[in-house]
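# got a predicted structure here, sequence first:
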Amino acid sequence: MEKTLLFYEKDDYYDFKDSKNLEGYSIISIAKLFHNPSLIPEVDVDSEIIDLSALTEYNSIQSITEQVISQFNGTPIFICDVSKREKLEYELRFVFDVFENVDKTSFPKKEREIHPVDKDKQLVSKKHRKIIDLDNDELIIFFDEFSSKLYGHSKFKDDFREQINTFRVFNKLGEHKILSLFLMGESGVGKTEVARAIFNCLKGEKKLAKINFGNYSNEFSLSSLIGSARGYTGSEDGEIFMKVRETDIGVLLIDEFEKSNASLFNYFLNVLETGIMESSMGEQMDLNGFIIIFTSNISKEDFKKRISPELRSRFDYKCMFTLLDNFDKKKYIEFRAERIRKKVFIEYNIELGDELKNYLLSKINVSSYKNMRDINKQIKKEFLCYLAKLTTED
């Protein structure tokens, strides 16, 4: 018996599903079977349709598909999103005998009203404050605050100002959707602080949208990031869609980017080209005006080895962050001391003045620390000592 793979258009999916439900069929994703291999022999080929759309997330597509299909008791109906056709038609050319589109005349087309919640899934609402929203006076204030909040990296600050000014002009012309920055360097030198500083200078009140790619290194990473494929029980938006909806600022931080895999690299290549994030369910988010910051601990040499030329060319700006000098480390201690002083006053109505700052500067030898993360740990330890001393004297 010939094995056929049918391709559907995403706009027709629910109409196709409804018509098949009336015939007694249900649709399950191949991803469900990968996650639970014990379910494969239990598939009822006379009542269950297998959606292969999730296959593009995996490596060795042909071999894993053959392994699953060989365990079916018969030949089920196979379907797939037509956007995956080119890839799967090539990868599965030895698995299927026929590739064709679903017959649209076999099921009725319904007019479907978009629910308000679904509208939010398609486009990012105007609740996100973005760098392109600032007027000239606000932009001047933004740059002044940003420069004061990020310690060291003077060359980056100058380049960043130029990148922002260029982005604002060409975004307004419709030629530049997303500003993308790729920041490299050792841990604790201030890469992620760039995103936090932008978020704070744009007066963010919620949480910064941050994704750590250290958690996305396995073969199911794309479905975890953008949601499970259609037909998979419990399918929903992935982490990146939830994080973007929950924030109020048009900034997205992708940390430890190098720890991911090719499927995610390709996904972000498309995001940077189109300015659109698309979930596995087909819902879209328009990231027009967003700044996406990718950070990585890799070296310049590894950057060229690990990241494809196509993706490297899509990053608007690439920078290697170096260790701070002692002057900037001391300025960071002063900054942290001031923040702690304000919080202590708000919480306990105790005014520490400059005493805390002078105490920390006298106790911490900045030349002994390589990065701000280690300095901050020492600041916390010394602050506790300062509190103990203050309590004893009081």
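Okay, I see it.

# hey, let's count contacts and neighbours off CA atoms from now on
Noted.

# list phi and psi for residue 359.
Here is the backbone geometry of residue 359 (degrees, to the nearest 10): phi -60, psi -50.

# ok, it - contacts?
Taking CA atoms under 8 Å, 6 or more residues apart in numbering, we find residue 359 in contact with residue 386.

# run the last query once more with 10 Å
Taking CA atoms under 10 Å, 6 or more residues apart in numbering, we find residue 359 in contact with 337, 382-383, 386.

# which other helices and strands does the helix or strand residue 285 falls within contact?
Assigned by DSSP states H and E, residue 285 falls within strand 284-286. With contacts taken as 3 or more CA pairs under 10 Å, 6 or more residues apart in numbering; DSSP states H and E, strand 284-286 sits against helix 116-122, helix 239-246, helix 262-274, strand 276-278.

# and the gap between residue 138 and residue 198?
Computed as CA to CA, to the nearest Å, the residue 138 to residue 198 distance reads 13 Å.

# list the residues that contact both of those two?
Residues touching both residue 138 and residue 198 (CA under 10 Å, 6+ apart) are residue 131.

# who has more neighbours, those two?
residue 198 (24 against 12; other CA atoms under 10 Å).

# how about residue 299, what does it touch?
Residue 299 neighbours (CA under 10 Å, 6+ apart): 184-186, 305, 320.

# sorry, wrong one. I was asking about residue 191.
When contacts are counted by CA under 10 Å, 6+ apart, residue 191 touches 150, 182-185, 255, 293-297, 319-322.

# so residue 94 touches residue 61, yeah?
No - using CA atoms under 10 Å as the test, residue 94 is too far from residue 61 to be in contact (11.3 Å).

# same drill for the two, tell me which one is more crowded.
residue 61 (15 against 10).

# for the helices and strands packed on strand 284-286, which one ends up most surrounded?
strand 276-278 (a mean of 21; mean count of other CA atoms under 10 Å).

# strand partners (parallel or antiparallel) of that one?
strand 284-286 (antiparallel) (DSSP bridges).

# re earlier: next helix or strand past the strand holding residue 285?
Following strand 284-286 in sequence, per DSSP H and E, is strand 291-296.

# ok, back up a step: tell me which of the helices and strands packed on strand 284-286 lies nearest to residue 129.
helix 239-246 (12.0 Å; CA to CA).

# mind checking what helix or strand follows the closest one in sequence?
Helix 239-246 is succeeded, C-terminally, by strand 251-255 (DSSP H and E).

# mind giving me the packing neighbours of that next one?
Using 3+ CA pairs under 10 Å, 6+ apart: strand 251-255 touches strand 179-184, helix 191-201, strand 209-212, helix 239-246, strand 291-296.

# which of the ones you listed sits most buried?
strand 291-296 (a mean of 24).

# can I get the CA coordinates of it in CSV?
Output of strand 291-296 as CSV, limited to C-alpha atoms (Å, rounded to 0.1, in the frame of the first residue of the first chain):
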residue,chain,number,x,y,z
ILE,A,291,15.9,45.3,20.5
ILE,A,292,17.1,41.7,20.8
ILE,A,293,20.3,41.2,22.7
PHE,A,294,22.1,37.9,22.3
THR,A,295,24.9,37.1,24.8
SER,A,296,27.5,34.5,24.8
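
# which elements pack onto that strand?
Against strand 291-296 (3+ CA pairs under 10 Å, 6+ apart) you get strand 179-184, helix 191-201, strand 209-212, strand 251-255, strand 317-320.

# what sits up against the following helix or strand past the last one?
Yep, that's strand 317-320 we're talking about. Under the assignment DSSP H and E, the closest C-terminal helix or strand after strand 317-320 is helix 326-348. Contacts of helix 326-348 with the rest of the structure, by CA under 10 Å, 6+ apart, involve 148-153, 323-324, 349-361, 364-372, 375-376, 379-380, 383.

# pull up the distance across stretch 315-328, start to finish.
28 Å.

# that stretch: which residues count as buried?
Within stretch 315-328, the residues that count as buried by 16 or more other CA atoms under 10 Å are 315, 317-324, 326, 328.

# ok, so of these, who is nearest residue 190?
Residue 190 has its nearest neighbour among the buried residues of stretch 315-328 in residue 321, at 7.5 Å by CA to CA.

# pretty sure the closest one contacts residue 157?
No - with contact defined as CA under 10 Å, residue 321 does not reach residue 157; the gap is 11.4 Å.

# how much space between residue 362 and residue 263?
Taking CA to CA, one finds residue 362 at 50 Å from residue 263.

# where does the chain have low pLDDT?
1, 35, 57, 59, 109-126, 217-221, 223-224, 227-237, 280-282, 393-394 (pLDDT under 70).

# care to break it down by domain?
Using automatic domain parsing, the domain parsing of the chain gives 4-106, 131-320, 326-393.
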